[in-house]
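**Q** pasting the sequence and the predicted model now:
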Amino acid sequence: MTAVPTRRRLLDAAVPLIVEAGWGGVSTRMVAERAGVAPGVVHYHFSSVTDLLAEAGTEVTGRLLEEFAGGLARHADLGDGVRWMMAELGRYPGTDPASLLVAELYLAATRIPELRERLRGQVGGFRTVVAAWLRERGHEGDADAVAAVLAAAMDGIVLHRALDPALDPDRLAAPLLALVREGTR
C-alpha cells in the first residue's frame, strides 16, 4: 500500500471540514489535525487556508458538474434529459454534504474573488455543455440562456429542498421541459 501524499491528505481533510464547520469556521489547525500533520505543513503546500479550501472545494464541484454533464450527454431526447436531471437532483436533499459544500462555496465566492473566478469557470463550462446539448437536440432558441436557467434552477432546487424537504424535483421537470422545448424544431 502506498502512502497518500500530504497535499492530497490536506485536500481530502478540508472538504468535510467545510461542510461541518462552514467556510469561515475552518482553521489551519483543524485541517492539519484531520490530515494528521503539523499545522505548518498546511502552509508549506498552500499559501493560505483559503487557497486550500478553494482548491479542495472546487475539485468536488468540478467532479459534480462533470458527472451531470456526462449524464446529460447520454440522453438523446430533451425530455429524457431534463427528467434525468431532476431525478438526479432528488439525490441531493439540500442538507447532504455535497449540497452543503456547494452552498458554502457559493457564499464564500461572494467575498473571495479567486474562488468566484474558479466557480464561474466551472459553472460557465457546464452551461456551455448544456447549451451544446440543447442545440444538438434541435433547440433553435437562445440555448445559452436556457442552459443558464437550467443550471440556476438546479442550484435553486437544491437550496429550496434544504428548506422544504417535501419539494419533489420530479414535479419540476414539466415546467423546465416547457422552457427547454420552446424554440425547438
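**A** Happy to help now that I have it.

**Q** give me the pLDDT value at the residue sitting nearest the centre point of the chain.
**A** The centroid of the chain falls nearest to Thr61 when counting by CA atoms, centre = their mean (3.7 Å). In this model, Thr61 is scored at 97, pLDDT.

**Q** surely it meets Ala103?
**A** No. Shown here, Thr61 and Ala103 do not form a contact pair, counting by CB atoms under 8 Å, at 11.1 Å. C-beta here means a position set from N, CA and C on the backbone, and glycine is covered the same way.

**Q** in the chain, which spans are helices?
**A** Along the chain, counting by DSSP state H, helices occupy 6-21, 28-35, 39-45, 49-73, 78-89, 97-109, 113-136, 143-163, 173-181.

**Q** for stretch 33-48, what is the distance to the chain centroid?
**A** Mean-position distance between stretch 33-48 and its chain equals 25 Å (CA atoms, centre = their mean, to the nearest Å).

**Q** ok, and what's touching that stretch?
**A** Stretch 33-48 has contacts (CB atoms under 8 Å, 6 or more residues apart in numbering) with 6-7, 9-10, 12-14, 16-17, 28-29, 31-32, 49, 52, 55.

**Q** what lies in contact with the helix or strand bottoming out on mean pLDDT in the chain?
**A** Lowest by mean pLDDT, DSSP states H and E among the helices and strands of the chain is helix 173-181, with a mean of 89. Residues outside helix 173-181 that contact it (CB under 8 Å, 6+ apart) are Leu78, Gly79, Val82, Arg83, Met85, Met86, Leu134, His139, Val146, Val149, Leu150, Ala153.

**Q** farthest-apart pair in these, please.
**A** Met86 and His139 (17.8 Å; CB to CB).

**Q** circling back to that earlier point, now the contacts of helix 173-181: which count as buried?
**A** If you count burial by 16 or more other CB atoms under 10 Å, the buried members of the contacts of helix 173-181 come out as Leu78, Val82, Arg83, Met85, Met86, Leu134, His139, Val146, Val149, Leu150, Ala153.

**Q** show me the shaky parts of the chain.
**A** 1-3, 183-185 (pLDDT under 70).

**Q** can you show me the CA trace of stretch 156-163 as CSV?
**A** The C-alpha coordinates for stretch 156-163 follow below in CSV (Å, rounded to 0.1, in the frame of the first residue of the first chain):
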residue,chain,number,x,y,z
GLY,A,156,-32.0,26.8,-6.6
ILE,A,157,-33.9,23.5,-6.3
VAL,A,158,-31.2,22.1,-4.1
LEU,A,159,-31.3,25.2,-1.9
HIS,A,160,-35.1,25.1,-1.7
ARG,A,161,-35.0,21.4,-0.8
ALA,A,162,-32.9,22.3,2.3
LEU,A,163,-35.8,24.5,3.4
